[in-house]
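Novice: Got a predicted structure here, sequence first:
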Amino acid sequence: MIVESKGFDLNGFWIPEFHLDKDEMIGICLYSGAHFFDLEKSLVDLLTKKSTHKSLAVIQKFEFVERFIETNKLKSLFFTKTIENYLDKHVNSDSIWIEKLFEIDGVQLETRINTLAGNYRKWLELFATFSTTNNIVFDMVGQDVLGAKKTLEYVKDFVDRGGSAIMLDNFDDPHSIFDRYYKLKNKNYTK
């Protein structure tokens, strides 16, 4: 077992009982709304061991698939970050996942990240994270339906090769690709 929740309150929402074993992918529906990003951050902090909760046992640490955001807009106009720059700082270059990244049409070392659409950015972030860990937490913010479907295929391949994954979903749309799918309850939950 990699993680186990006994069920607990977090930011006014009930996180259900769940568990994740090696070679599995689960989904947790956080639902859309103003609460999503704060709740997601709190749950990610727990899963990445930046914080703890007595009802959540994280046996193996997770890495969150971080969104790439240019922090200095002025600097990015003159010194645009390319995929090559990003990979130099964020990946294990010996990983098979870097090769797989370049199998995606339109992904080249010299491609400027600020020209990538949401799906391509997510895939860059995803493959970079695959290269450094076996346990990931991810969302599909900024992706369209076809991109999200492809992302799930990539994550399924990662899981089939010995990884484990938790998707934090903002829509109640359980995909058959998950081993299990859980839904949180709002603060007026009943047991």
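Specialist: Nice, thanks for sending it over. Numbers count the residues shown, from 1 in each chain.
Novice: Run the chain-centre distance for whichever strand or helix holds residue 39.
Specialist: Taking DSSP states H and E as the definition, residue 39 sits inside helix 36-47. Helix 36-47 sits 11 Å away from the centroid of its parent chain (Cα atoms, centre = their mean, to the nearest Å).
Novice: in that helix, what counts as buried?
Specialist: By neighbour count with 16 or more other Cβ atoms under 10 Å, helix 36-47 contains the buried residues 36, 39, 40, 42, 43, 44, 46, 47. Where you see a C-beta, it was placed from the backbone N, CA and C, and this is true even at glycine.
Novice: Repeat that for stretch 175-191.
Specialist: Residues 178, 181, 182, 184 are the ones in stretch 175-191 that count as buried (16+ other Cβ under 10 Å).
Novice: contacting residues for the third one?
Specialist: It refers to residue 182. For residue 182, the contact set (Cβ atoms under 8 Å, 6 or more residues apart in numbering) comprises 16, 18, 26, 27, 28, 29.
Novice: So it, which state does it fall into?
Specialist: With DSSP: H, G, I helix; E, B strand; the rest coil as the basis, residue 182 sits in strand.
Novice: in this structure, what secondary structure element scores lowest on mean pLDDT?
Specialist: Across the helices and strands of the chain, mean confidence by mean pLDDT, DSSP states H and E is lowest for helix 73-78: a mean of 62.
Novice: ok, then the element right after that one?
Specialist: Downstream of helix 73-78, the next assigned helix or strand under DSSP H and E is helix 83-90.
Novice: What mean pLDDT does that following helix get?
Specialist: Per-region confidence: helix 83-90 scores 90 on mean pLDDT.
Novice: for it, packing partners?
Specialist: Identification of packing neighbours for helix 83-90 by 3 or more Cβ pairs under 8 Å, 6 or more residues apart in numbering; DSSP states H and E yields helix 118-130.
Novice: So which residues of this structure form strands?
Specialist: For the chain, the strands defined by DSSP state E occupy 3-10, 13-20, 25-29, 56-58, 63-64, 135-138, 164-169, 180-183.
Novice: OK, contacts around the residue nearest to residue 164 when sequence neighbours are not counted?
Specialist: Spatial nearest neighbour of residue 164, excluding adjacent residues (Cβ to Cβ, 6 or more residues apart in numbering): residue 135 at 4.9 Å. Shown in contact with residue 135 (Cβ under 8 Å, 6+ apart): 2, 60, 61, 62, 63, 163, 164, 165.
Novice: Show me which of those is closest to residue 110.
Specialist: Of all the contacts of residue 135, residue 110 sits closest to residue 63, with 26.7 Å by Cβ to Cβ.
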